[in-house]
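Asker: Give me the fold of what follows.
(2 chains)
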2 protein chains.
Amino acid sequence: MSVFTPVSPEQLSHWLKSYSVGTLTGLEPILEGIENTNYFVATTQGRFVLTLFERLGAQELFFYLGLMSHLARHGIPCPAPVADLSDNLLGSLNGKPAALVTRLPGSSRGKPSKRDCAQIGALLVRMHLAGRSYGGYLENPRGPKWWRATEPKLRPFLAEDHQQLLDKELRFQASCRFPDLPRGPVHADLFRDNALFDASGITGVIDFYFAGVDSWLFDVAVCVNDWCLVDPAHDGTLDASLALTLLGAYAETRAFTALERSAWPAMLRAAALRFWLSRLHDFHLPRAGKLVHMHDPEHFRNILALRSAADFTAPWPD
Amino acid sequence: MSVFTPVSPEQLSHWLKSYSVGTLTGLEPILEGIENTNYFVATTQGRFVLTLFERLGAQELFFYLGLMSHLARHGIPCPAPVADLSDNLLGSLNGKPAALVTRLPGSSRGKPSKRDCAQIGALLVRMHLAGRSYGGYLENPRGPKWWRATEPKLRPFLAEDHQQLLDKELRFQASCRFPDLPRGPVHADLFRDNALFDASGITGVIDFYFAGVDSWLFDVAVCVNDWCLVDPAHDGTLDASLALTLLGAYAETRAFTALERSAWPAMLRAAALRFWLSRLHDFHLPRAGKLVHMHDPEHFRNILALRSAADFTAPWPD
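Answerer: Alright, predicted model coming up:
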């Protein structure tokens, strides 16, 4: 379970007096989070999610909440932060920075269909284009700088063959920077559990708390590595047909550039490396005293191994 | 019918390319409007309302769209204007200023219940408080200045007893200015047809295109004159129980001041006068070439006569 900072109905009722969302009718902890404390909140006026931020600093939080607010203003179905009576998106509750955002309907897909992949690709490109006019800036906090800073801390925990894979990949990635790829604010964590669907299709994208400015193609690669697998429960083997569907739906609104085409195989590896590293970090160096839901690092080591294998061909629409 | 500027699906599909809302799946004219051209718009991503503004100038439109955007950001259920890829809320379509806003679910109530009146009162006060931090300013465009400018144009059309009622009321209102009433952005046209409900209650407030800065109490009076009648289809006799319910629900979040209490009877008359004048104006001086849905001016003459009668007591919660 992952409620780090409990909130009582009395505390929340009092806090909501500085918002324009009506009075509290329901409060339910969300147990899935691994970074923050989250509650479903119902009021006489609607359904919301309350988040108490356990780790993030003010600079990051202003970027994230501002980005979500910007995207929502552009019609992107994402949680819209609610401003309080002083017009602030970020408040404070029980000693933690806190925000109230709108709650989207729907639930996530375990095994995405072709249609689901088309819908996430079409929404992803709209998010990228809508994000261009956002004024905030935050470098992707899990980018190459973080990889290089984190790797030495993990070294003591790794078996030799895993260490070799990691060394090889860091050298490879260092050899292929693409500074001219189209860039902007990206979600950077758009896994299946961060998109919601109902019977009519995709209803929205959630959890922007790993967002940052990076290449749009990196965001696409993160998606493809999670959405377009032959069997997500088994291993990381790519389903070429699903990948082509997602990429094709994206390209309908914005054609990929020649540079993106050439960067694609390396980007799939970079996206795998980023999550292997962060899962290793969470596994071997968990935050003190926190009993959190843990993801298996092996899944992304396997994906990285597959994507960097000599016989791997990265699917690309032509 | 009230579509002044037709829009074809081809024109709209092209226009929507500069938005992040997906592709067009439905387009349906809305016939109820009397000021603007409105369409229901469906896309792969959601439901929207397209408005082409036939009369309003840029200054007013920026105030209105900015206010709706501000209130939506505060969790008020109102149409949220959608920004285009250049981050503008106001665009241009077929030669007219145009905006795309989110479409709210629900439909309006013909005969409001006590519960409906409580819900509109509770939402109205939240709109007032959320609007305080809005930076835009536009004087209520149908305020006392407009009354005085409009009255001479209507004089030739009025029967003598109606002219006397109007003269008397203008003199009365001129004698009772209340500059110290709490003020802010107000909807100023929150009739029953501008609020939507579903089975679970109120779902939102629409049509902010008569909004402006005025006293909050004026907004309350406009509401009470339309929502709290014994029989809206018959005459303007106030239902004291409904009025007390609406006022009581409002006062739960913000207590009325002593000055508001003393201004209340005059404000009910001011709100009646404003709509009598505008309906007379639309009736006798319609815009050239426009075949629009017309409201009967007599309804508000009757309300004004009732509210200014010597034996009328304005309901007030104590």
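Asker: For stretch A:163-173, output the C-alpha coordinates as PDB.
Answerer: The C-alpha trace of stretch A:163-173 is given here as PDB (Å, rounded to 0.1, in the frame of the first residue of the first chain):
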ATOM      1  CA  GLN A 163      26.900  -4.800 -15.500                       C
ATOM      2  CA  GLN A 164      28.300  -5.500 -19.000                       C
ATOM      3  CA  LEU A 165      24.900  -4.900 -20.600                       C
ATOM      4  CA  LEU A 166      24.600  -1.600 -18.700                       C
ATOM      5  CA  ASP A 167      28.200  -0.500 -19.600                       C
ATOM      6  CA  LYS A 168      27.700  -1.300 -23.200                       C
ATOM      7  CA  GLU A 169      24.400   0.500 -23.400                       C
ATOM      8  CA  LEU A 170      25.700   3.600 -21.600                       C
ATOM      9  CA  ARG A 171      28.600   3.800 -24.100                       C
ATOM     10  CA  PHE A 172      26.300   3.300 -27.000                       C
ATOM     11  CA  GLN A 173      23.900   6.000 -25.900                       C
END
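Asker: if I look at A:L246, how far off is A:W276?
Answerer: 21 Å (Cβ to Cβ, to the nearest Å). Bear in mind the C-beta positions are built from the backbone N, C-alpha and C, glycine included.
Asker: next one: A:M267
Answerer: 15 Å.
Asker: Then A:T5?
Answerer: 30 Å.
Asker: got it, and A:R254?
Answerer: 29 Å.
Asker: again with A:D282
Answerer: On the measure of Cβ to Cβ, A:D282 and A:W276 end up 11 Å apart.
Asker: What is the burial count for A:R287?
Answerer: 12 (other Cβ atoms under 10 Å in any protein chain shown).
Asker: Let me know the helix or strand that it is in.
Answerer: If you go by DSSP states H and E, A:R287 is not part of any helix or strand.
Asker: Once you drop chain neighbours, what's closest to it?
Answerer: A:R55 (7.7 Å; Cβ to Cβ, 6 or more residues apart in numbering or on different chains).
Asker: repeat for A:V101
Answerer: Going by Cβ to Cβ, 6+ apart, A:V101 has A:P79 as its nearest residue, at 3.7 Å.
Asker: give me every residue that touches the one you found.
Answerer: A:49, A:68, A:72, A:101-104, A:204, A:206, A:208 (Cβ atoms under 8 Å, 6 or more residues apart in numbering or on different chains).
Asker: okay, among those residues, which ones form the most distant pair?
Answerer: Greatest spacing in the contacts of A:P79, by Cβ to Cβ: A:R103 and A:F208 (14.4 Å).
Asker: So between these two, which is more surrounded?
Answerer: Between A:R103 and A:F208, counting by other Cβ under 10 Å, A:F208 is the more crowded of the two (25 against 18).
Asker: Surely that one and A:Y64 touch.
Answerer: Yes - at 5.2 Å, A:F208 counts as touching A:Y64 under the criterion of Cβ atoms under 8 Å.
Asker: returning to that earlier point: neighbour count for A:R254 and A:W276, which is higher?
Answerer: A:W276 (25 against 15).
Asker: Distance of the more buried one relative to A:L285?
Answerer: 14 Å.
Asker: for chain A, what spans make up the helices?
Answerer: Assigned by DSSP state H, the helices in chain A fall at A:9-16, A:58-73, A:114-131, A:144-154, A:160-175, A:216-227, A:240-253, A:258-284, A:297-307.
Asker: buried stuff in stretch A:74-86?
Answerer: A:74-84 (16 or more other Cβ atoms under 10 Å in any protein chain shown).
Asker: so what are the domain limits for chain A?
Answerer: Domain assignment for chain A, taken from automatic domain parsing, gives A:9-102, A:114-307.
Asker: who wins for proximity to B:L158 among those?
Answerer: domain A:9-102 (42.4 Å).
Asker: re earlier: ranking the helices of chain A by burial, who's on top?
Answerer: Highest mean neighbour count of the helices of chain A: helix A:216-227, a mean of 26 (counted as mean count of other Cβ atoms under 10 Å in any protein chain shown).
Asker: chain center to that helix, what's the gap?
Answerer: 10 Å (Cα atoms, centre = their mean, to the nearest Å).
Asker: and it, what does it pack onto?
Answerer: helix A:114-131, strand A:183-186, helix A:240-253, helix A:258-284 (3 or more Cβ pairs under 8 Å, 6 or more residues apart in numbering or on different chains; DSSP states H and E).
Asker: Perfect, I'm done here.
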